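*Asks:* Sequence below, structure please.
(one chain, ligands or ions: 3)
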Amino acid sequence: MPPNKRIAVWMSEKKLQKINWQELVTVCDKHGFEVFKLDLNRSLEEQAPFCVLLHKLTDIIASANQGDIRSMEIINEVEKYLERNSTITVLDPIPNVKQLLDRYNCYSIIQATNLHSYGVFTPPFCVLRNEDLDIIKDQLKNSLVTFPFICKPILGHGSRQAHEMSIIFNEKYLIDCKTPCVAQSFINHNAILYKIFIVGDKHCFVERPSLKNFQASQRESIHFDSSDVSKADSKSRLSVLDPDDVVKERWQPDPKVMEVIANTLRKSFGMDLLGIDVVIDKSTGRYGIIDVNAYPGFGSVSGYDGFPNFFDAVLDCISKKVTSN
Ligand SMILES: Nc1ncnc2c1ncn2[C@@H]1O[C@H](COP(=O)(O)OP(=O)(O)OP(=O)(O)O)[C@@H](O)[C@H]1O
Ligand SMILES: O=P(O)(O)O[C@H]1[C@H](O)[C@H](O)[C@H](OP(=O)(O)O)[C@@H](OP(=O)(O)O)[C@@H]1O
Ligand SMILES: [Mg+2]
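*Replies:* Ligands and ions are numbered 1, 2, ... in the order given. The predicted structure is shown next:
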């Protein structure tokens, strides 16, 4: 056991407002930990000691990646501090969070797993950095990306722009690809998505609204903000199925496959707080992983569709890690 049992927490003001801080304090206390909000504008040494860092630093890492000097200083200082204090348990390790922020990296990690043997896939994807349309056409062809496809910003977290996406239906509108981006084949899934929430060795999944079915056609591109589509209470017009697509029978997710996805990706990403978005291909019944998120909402304060006893699960995970460290 470490000489202190203090947990330092850092997350954005926006995220802090979504959690019940008092409940976190109570649950930490029940597990014998003291919790406090880390101030990144003060030296970490001054706020030490602590044996756990629980954080969602994605926004700061993202702006550091984009060259913001203050964010670079902060991340640098946190990383150096953790190097000097290597016994601190970090949820989740910063290098692992960094690799998840890049959507291309993220899909490549999924593709390298053995999930395909369970009927799980990540839709064909490629990274587009060049605006030259002939190069784009070649890249799509070589990576088997088909129309329609979604263009997603490479940086997957940490800013509004990370969630601005387009659906491209034909070659004429390739001009709408906002490079740099990841292009990913669109999988028709009857407008239902499953979010797997992972907290250490526990997971659960919930159903959410999603984009309706689309076909390749001569139509113009659709531009949308992904934050409007798959929240528990989203009511996007892009989620309303065409009358012909409304079906009585639909694929149901197999809890065993969802468990394999959760266990496999937790290991591959080396992270304990994860959200995985899964769609079921309406024609084949295969499971497509379309997004992985670091420290997602977990259903937030109200918990109406979220992780049951979320903080207890976090503290269980922390206790196991602290003990094994
Ligand atoms: N390959 C795909 N095929 C079909 N629909 C997709 C695909 N990728 C994304 N979508 C749809 O677009 C929405 C947004 O995509 P994605 O989850 O990648 O965005 P995000 O910005 O990372 O979202 P989040 O806020 O969950 O992090 C999904 O909820 C889903 O409805
Ligand atoms: O409903 P969920 O948990 O999917 O909503 C998440 C969303 O998927 C992203 O993970 C958001 O994080 P950023 O991409 O970093 O903005 C989460 O926002 P947060 O403020 O809770 O961290 C959403 O809750
Ligand atoms: Mg995401």
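*Asks:* hey, let's count contacts and neighbours off CA atoms from now on
*Replies:* Will do.
*Asks:* residues from the stretch 201-325 of the chain in reach of ligand 2?
*Replies:* By Cα under 6 Å from any ligand atom, the residues of the stretch 201-325 of the chain that approach ligand 2 are 231, 293, 296, 297, 298.
*Asks:* Report the two of these separated the most.
*Replies:* 231 and 293 (13.5 Å; Cα to Cα).
*Asks:* More neighbours: these two, which one.
*Replies:* Comparing residue 231 with residue 293 by other Cα atoms under 10 Å, the one with more neighbours is residue 293, at 20 against 16.
*Asks:* Each with direction, which strands does the helix or strand containing residue 7 pair with?
*Replies:* Secondary structure assignment for residue 7, by DSSP states H and E: strand 6-10. Counting by DSSP bridges, the strands paired with strand 6-10 are strand 34-37 (parallel), strand 52-55 (parallel).
*Asks:* For residue 247, see how far away residue 209 is.
*Replies:* With distances taken as Cα to Cα, to the nearest Å, residue 209 is found 15 Å from residue 247.
*Asks:* try residue 145
*Replies:* For residue 145, the distance to residue 247 (Cα to Cα) stands at 27 Å.
*Asks:* Could you export stretch 224-231 as CSV, CA atoms only?
*Replies:* Provided in CSV are the C-alpha atoms of stretch 224-231 (Å, rounded to 0.1, in the frame of the first residue of the first chain):
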residue,chain,number,x,y,z
PHE,A,224,-23.3,17.3,-39.3
ASP,A,225,-22.0,17.7,-35.8
SER,A,226,-21.6,14.2,-34.2
SER,A,227,-22.5,15.6,-30.8
ASP,A,228,-26.1,16.0,-32.0
VAL,A,229,-26.6,12.4,-33.1
SER,A,230,-26.0,9.7,-30.5
LYS,A,231,-26.5,11.2,-27.0
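*Asks:* Just checking it against ligand 1, any contact.
*Replies:* Yes: using Cα under 6 Å from any ligand atom, stretch 224-231 reaches ligand 1 at 226, 227, 229, 230.
*Asks:* Which ones among those residues map onto helices?
*Replies:* Counting by DSSP state H, those place none of their members in helices.
*Asks:* leaving aside the residues next to it on the chain, what's closest to the residue of the stretch 201-325 of the chain found nearest ligand 1?
*Replies:* Closest approach between the stretch 201-325 of the chain and ligand 1, counting by Cα to the nearest ligand atom: residue 210, at 3.6 Å. Residue nearest to residue 210 in three dimensions, not counting chain neighbours: residue 191, with 4.4 Å by Cα to Cα, 6 or more residues apart in numbering.
*Asks:* As a check, name the ranges of all strands in the stretch 151-300 of the chain.
*Replies:* Remark: strands assigned in the stretch 151-300 of the chain by DSSP state E, counting those that start in this stretch are 164-168, 181-185, 192-199, 202-209, 222-225, 273-280, 287-294.
*Asks:* for these, which one ends up most surrounded?
*Replies:* Compared across the strands of the stretch 151-300 of the chain, strand 181-185 shows the largest average neighbour count, a mean of 26 (mean count of other Cα atoms under 10 Å).
*Asks:* Tell me what angle that strand forms with strand 287-294.
*Replies:* Between the axis of strand 181-185 and that of strand 287-294 there is an angle of 150 degrees, by axes from the mean of the first three to the mean of the last three Cα atoms, to 10 degrees.
*Asks:* helices and strands around strand 181-185, which ones?
*Replies:* Counting contacts by 3 or more Cα pairs under 8 Å, 6 or more residues apart in numbering; DSSP states H and E, strand 181-185 packs against strand 125-128, strand 149-153.
*Asks:* So it, near ligand 1 or not?
*Replies:* Yes: using Cα under 6 Å from any ligand atom, we find that strand 181-185 touches ligand 1 at 184, 185.
*Asks:* average pLDDT across that strand?
*Replies:* Taken as a whole, strand 181-185 has an average pLDDT of 98.
*Asks:* Only alpha carbons, please: show that strand as PDB.
*Replies:* Below are the C-alpha coordinates for strand 181-185, written out as PDB (Å, rounded to 0.1, in the frame of the first residue of the first chain):
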ATOM      1  CA  CYS A 181      -9.400  13.600 -42.000                       C
ATOM      2  CA  VAL A 182     -10.100   9.900 -41.800                       C
ATOM      3  CA  ALA A 183     -12.500   8.600 -44.400                       C
ATOM      4  CA  GLN A 184     -14.500   5.600 -43.200                       C
ATOM      5  CA  SER A 185     -17.100   3.500 -45.200                       C
END
